[in-house]
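A.B. asks: Return atomic coordinates for the entry below.
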Amino acid sequence: MSRKVFLIGNGESRKDFPLELLRGHGKIYGCNAIYRDYSNLIDVLTAVDNGIIHEIYHSGFATKRPCYFRNWTKLPKMMYDQVIEGFANAQDLDQLKDYDFIIENKEDKDQAEEFVVHGTSLAGMVSILKKTQKENPNASKEIIQKQINKSSIYISWIKKNDMSFDLKDSWSDYKDHGWACGASSGFIAVKKEQPTEVYLIGHDLVSNTKQVNNIYKDTKHYQINNASATPHINWINQWYTLMDWNPKIKFYKVNKNSADSGENTDQPIHEWSKWLKDERLEYITQAQVLDRLSQI
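C.D. replies: Numbering: from 1, shown residues only. Predicted coordinates:
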């Protein structure tokens, strides 16, 4: 009997796909901000960038579902002052005293016994402050705050009923290869679920335009909608490697339409041709996936 895993990306091809119909057919693994829309559907969530990682944690999602984050090292609460001092000196703290430079879930601090911190030194924020004031002497506090937010220190106080893990917790021999969120999610799913079939839905990899392809563009922690499309070769290579490491798994690249649509996102990935010939990869449409599931 096949064991299915559905890996959901945030490419725009999945915009109208009824993800709810996947329920009951296999574990559903999501990436980044998908929790905003499908908090009751995603079984496991993965994120690798600091801003979205802490957004997810502050939302409380990691008390509902397992979450895997990059460099998610939990420190004892007693180390907090020592750690913060490592980010700043007294002069930096004084110059930033009128601004919010630490983004944290303060409401959980009293009950927490551990915390996780990511960010840059406050000296970097002071440089941003001075540069902004020099280039725009009349800049409002709000404008300066937005600039500072680009280099914030993120702190998550660990909640009760916590289900957050470091990526390396997915496998005893794990080595972080610096993969993007999509392939990292796939790696965890393969190790945790031992599937025979893996379906990539919304992992478009390429764009149909010259602009970024992501459902969450123009929202917090994402690029603006007219940003250039992200170079895709690293993503393609990462998925290639995951397929190479797992010869007993059949991978399905789910596109919105068939290849004759003419859209970039529906075209076969040239670098994956080897796996297509070996029948370890198959391209199918969203409609075909739904049809197959309806017959089970």
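
A.B. asks: Who are the contact partners of Val48?
C.D. replies: Contacts were defined as Cβ atoms under 8 Å, 6 or more residues apart in numbering; by that measure Val48 touches 69-70, 167, 179-181, 184. Yep, even glycine has a C-beta here, placed from its N, CA and C like the rest.

A.B. asks: where's it relative to Lys27, distance?
C.D. replies: Val48 sits 20 Å away from Lys27, going by Cβ to Cβ, to the nearest Å.

A.B. asks: One more: Trp179?
C.D. replies: Trp179 is 19 Å from Lys27, by Cβ to Cβ.

A.B. asks: So which of these two has more stuff around it?
C.D. replies: The neighbour comparison of Trp179 against Lys27 (other Cβ atoms under 10 Å) goes to Trp179, with 21 against 17.

A.B. asks: Which helix or which strand is home to that one?
C.D. replies: Using DSSP states H and E, Trp179 sits within no helix or strand.

A.B. asks: Tell me the pLDDT of it.
C.D. replies: With respect to pLDDT, Trp179 scores 96.

A.B. asks: Met1 now?
C.D. replies: Turning to Met1, the model gives it a pLDDT of 66.

A.B. asks: again, but for Leu167
C.D. replies: Per-residue pLDDT puts Leu167 at 95.

A.B. asks: wait, doesn't it sit right on Tyr68?
C.D. replies: Yes. Leu167 is in contact with Tyr68 according to Cβ atoms under 8 Å; the separation is 5.3 Å.

A.B. asks: Which residues are in contact with each of these two?
C.D. replies: With Cβ under 8 Å, 6+ apart as the test, Leu167 and Tyr68 both reach 46, 184, 188.

A.B. asks: Go ahead and build a PyMOL selection from the buried members of these.
C.D. replies: Those of these that count as buried under 16 or more other Cβ atoms under 10 Å are selected in PyMOL with:
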select buried, resi 46+184+188
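
A.B. asks: Pipe the shared contacts of Leu167 and Tyr68 into a markdown table and attach pLDDT per row.
C.D. replies: Converted to a markdown table, those look like this (pLDDT from 0 to 100):
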| residue | pLDDT |
| --- | --- |
| Thr46 | 98 |
| Ser184 | 97 |
| Ile188 | 97 |
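
A.B. asks: Nearest to Thr241, out of the shared contacts of Leu167 and Tyr68: which one, please.
C.D. replies: Ser184 (11.7 Å; Cβ to Cβ).

A.B. asks: Let me know the next secondary structure element after the host helix or strand of the closest one.
C.D. replies: Secondary structure assigned from DSSP H and E places Ser184 in helix 181-193. Next helix or strand after helix 181-193 toward the C-terminus (DSSP H and E): strand 197-201.

A.B. asks: in its sheet, what does that following strand sit against?
C.D. replies: strand 4-8 (parallel), strand 250-255 (parallel) (DSSP bridges).

A.B. asks: tell me which residues in the helix or strand following that strand are buried?
C.D. replies: Counting by DSSP H and E, the next helix or strand C-terminal to strand 197-201 is helix 233-245. By neighbour count, with 16+ other Cβ under 10 Å as the criterion, the buried positions of helix 233-245 are 235-236, 238-240, 242-243.
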